[in-house]
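Enquirer: pasting the structure only:
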């Protein structure tokens, strides 16, 4: 039986407690003072009647606040917790004394040794572990922690060997032994794999309700862990840059820069300077390019199909050997970057026509991802729309924003040629300008669009005859500068000279009204 006596910190209180046990001739198996105000006593189990005789006397001692039974003495609890921890440790654990003899082994280690615990205790650790001289290490003037590759029962293990020091009465640390934690090759592989697993949160911002998009995300998470070049193919506005950034954030390069260059936005010379930098010239100082700035990280080349042949050649060289030169500079610069590129073009067709280098295409497309258009993953449209209206509503203080049923139906069936970007922009405008908290179809400023004929510039009004005449007039105005003779124009359009002359007169098309 174990008792816990809660009391104040008073000189002599422990002596008064012990005197009561002496008076009742109760043998003490142990006593511990955990901290001032707590006394733990281990006594033999007593009958209830015996407890009734001395427990009240303990409570009457001045300064004693409570007396209660407890399942463990503090030292017993610590030993049990430590023993449980060691026994259930997932890797082999061995404790040795200062002579190298085994004191403790856990269940995993004993299983590998093929013996019971008591059969191993006292054996020298050198009988079981080969490849490290424990005796020499323990006898050294300074015993330091080691990490070594060892043979344990003929299998390779990596061992963390850590000395244990305790202080003597004079406060000097004395070597008491050591503990060994061993890891097998398979166990190390599991831990490295877990360490490198992509962080799920990096892809949390990408809506993936549809099966096709979930497949893209699954593939992207695996590719993020690799270090090869990646090519993301998809229409404008599908979220290629967002996916590239998520892959970078989930990679081993996540703590290094992520730099972006839009190959379609800059002239050739400016793009080259932006990517590779420029050497010092006159009063102009040297400029670092994106490749230097992204060293150790990732460069995202957006719309890589728009890259000029000259730039293609320089980028290919960086991929091949990791070196380049700044513009107007002869010094070789070496970098280590991962290239993720994107395109909405058919690069293979461009390769076949000579517009894009074949060797660069295969260097960029080591890992390939195809993002489906929004119209091909319609189950993502409504979740995306709801996400956007809540997000933009909160920005402007509209805490509850919803869509009408007609609006939801319209949004779900509109073809969205601009994909997610177009959907986002349309809903930003709708939420920002509407009154109330319900987005209606009338709030969506969208041009009429069909996949066959594209956009109509404005909502059509009028008759078919008026539309035909408008088209006819526009066509004649465009052709007239190239065919200013009515006979030439008539021949081009397959009409009579008279018919063309009448139409030109009707639409007031002549050398005075049309610039030739």
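Expert: That came through fine. Predicted model only: the values in this text are computed from it and were never measured.
Enquirer: Which of the helices and strands in the protein ranks last by mean pLDDT?
Expert: Here the helix or strand of the chain ranked lowest by mean pLDDT, DSSP states H and E is strand 454-455, holding a mean of 50.
Enquirer: Please pull up the helix or strand immediately following that strand.
Expert: Downstream of strand 454-455, the first helix or strand assigned by DSSP states H and E is helix 464-479.
Enquirer: From the rest of the structure, what touches that following helix?
Expert: For helix 464-479, contacts defined as Cβ atoms under 8 Å, 6 or more residues apart in numbering pick out 460, 489, 492, 493, 503, 504, 507, 509, 514. Bear in mind the C-beta positions are built from the backbone N, C-alpha and C, glycine included.
Enquirer: which of those count as buried?
Expert: Among the contacts of helix 464-479, those classed as buried by 16 or more other Cβ atoms under 10 Å are 489, 493, 503, 504, 507, 509, 514.
Enquirer: Need the nearest residue in space to the last one, chain neighbours excluded.
Expert: For residue 514, ignoring the flanking residues on the chain, the nearest one in space by Cβ to Cβ, 6 or more residues apart in numbering is residue 480 at 5.0 Å.
Enquirer: my guess is the one you found contacts residue 507, does it?
Expert: No - Residue 480 is not in contact with residue 507 according to Cβ atoms under 8 Å; the separation is 9.7 Å.
Enquirer: Tell me how many other residues crowd residue 389.
Expert: By other Cβ atoms under 10 Å, 22 other residues sit near residue 389.
Enquirer: hang on, it is in a helix, isn't it?
Expert: Yes - assigned with DSSP: H, G, I helix; E, B strand; the rest coil, residue 389 falls within a helix.
Enquirer: any idea how far residue 84 is from it?
Expert: As judged by Cβ to Cβ, to the nearest Å, residue 389 and residue 84 stand 53 Å apart.
Enquirer: do the same with residue 140
Expert: According to Cβ to Cβ, residue 140 and residue 84 sit 33 Å apart.
Enquirer: How about residue 380?
Expert: Distance of residue 380 to residue 84, computed by Cβ to Cβ: 49 Å.
Enquirer: So these two - more neighbours on which side?
Expert: When neighbours are counted by other Cβ under 10 Å, residue 380 and residue 84 differ, and residue 380 comes out ahead with 21 against 10.
Enquirer: element containing residue 348, please.
Expert: Take DSSP H and E as the rule and residue 348 turns out to sit in helix 347-352.
Enquirer: Enumerate the positions of stretch 506-516 that are buried.
Expert: Neighbour counts over stretch 506-516 (16+ other Cβ under 10 Å) mark 507, 509, 514 as buried.
Enquirer: give the contact list for the first one.
Expert: Residues touching residue 507, when contacts are defined by Cβ under 8 Å, 6+ apart, comprise 472, 473, 476, 477.
Enquirer: What ranges in this protein fall below the confidence cut-off?
Expert: Residues of the chain that meet the criterion pLDDT under 70 lie in 193-202, 265, 282-284, 399, 448-462, 515-516.
Enquirer: Report the residue ranges of every domain in it.
Expert: Per automatic domain parsing, the structural domains of the chain span 2-76, 89-190, 200-370, 374-455, 464-506.
Enquirer: re earlier: TSV for the contacts of residue 507, including distance to residue 305 and neighbour count?
Expert: TSV is the format used below for those (distance: Cβ to Cβ, whole Å; neighbours: other Cβ atoms under 10 Å):
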residue	distance to residue 305	neighbour count
472	37	14
473	37	16
476	36	19
477	34	15
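Enquirer: Closest to residue 151 out of those residues?
Expert: When the contacts of residue 507 are compared for distance to residue 151 (Cβ to Cβ), residue 477 wins out at 89.4 Å.
Enquirer: Could you list the buried residues of the helix or strand encompassing residue 50?
Expert: Assigned by DSSP H and E, residue 50 belongs to helix 48-60. Using 16+ other Cβ under 10 Å as the test for burial, helix 48-60 gives 54, 55, 57, 58.
Enquirer: just checking, the last one touches residue 64?
Expert: I take that to be residue 58. Yes - with contacts counted by Cβ under 8 Å, residue 58 reaches residue 64, the gap being 6.1 Å.
Enquirer: what do the two both touch?
Expert: Counting by Cβ under 8 Å, 6+ apart, the residues touching both residue 58 and residue 64 are 5, 17.
Enquirer: how about JSON lines for the contacts of helix 464-479, with distance to residue 356 added?
Expert: Shown next, in JSON lines, are the contacts of helix 464-479 (distance: Cβ to Cβ, whole Å):
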{"residue": "460", "distance to residue 356": "40"}
{"residue": "489", "distance to residue 356": "40"}
{"residue": "492", "distance to residue 356": "36"}
{"residue": "493", "distance to residue 356": "38"}
{"residue": "503", "distance to residue 356": "45"}
{"residue": "504", "distance to residue 356": "45"}
{"residue": "507", "distance to residue 356": "44"}
{"residue": "509", "distance to residue 356": "42"}
{"residue": "514", "distance to residue 356": "40"}
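Enquirer: Turn the residues you listed into TSV, including secondary structure.
Expert: Converted to TSV, the contacts of helix 464-479 look like this (three-state DSSP):
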residue	secondary structure
460	coil
489	helix
492	helix
493	helix
503	helix
504	helix
507	coil
509	coil
514	coil
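Enquirer: if we can go back for a sec, identify, from the contacts of residue 507, the entry nearest to residue 322.
Expert: Closest to residue 322 out of these is residue 477 (55.6 Å), distances taken as Cβ to Cβ.
Enquirer: Give me the distance between residue 388 and residue 66.
Expert: Distance, residue 388 to residue 66, using Cβ to Cβ: 61 Å.
Enquirer: Show me which of those two is the more surrounded one.
Expert: Set side by side, residue 388 and residue 66 show more neighbours around residue 388, with 22 against 10, by other Cβ under 10 Å.
Enquirer: Quick one: residues contacting the spatially closest residue to the more buried one that is not a sequence neighbour.
Expert: In space, and not counting its chain neighbours, residue 388 is closest to residue 427: 4.5 Å by Cβ to Cβ, 6+ apart. By Cβ under 8 Å, 6+ apart, the residues touching residue 427 are 385, 388, 389, 392, 439, 444.
Enquirer: can you give me phi and psi for the last one?
Expert: Its backbone dihedrals place residue 444 at phi -90, psi 110, with angles given as degrees, to the nearest 10.
Enquirer: Could you report the neighbour count for it?
Expert: Residue 444: 18 surrounding residues under other Cβ under 10 Å.
Enquirer: contacting residues around it?
Expert: Contacts of residue 444 (Cβ under 8 Å, 6+ apart): 407, 410, 411, 426, 427, 430.
Enquirer: Tell me the buried residues in the helix or strand that contains residue 248?
Expert: Residue 248 is part of helix 240-249, with elements assigned from DSSP H and E. For helix 240-249, burial by neighbour count (16+ other Cβ under 10 Å) applies to 240, 241, 243, 244, 245, 246, 247, 248, 249.
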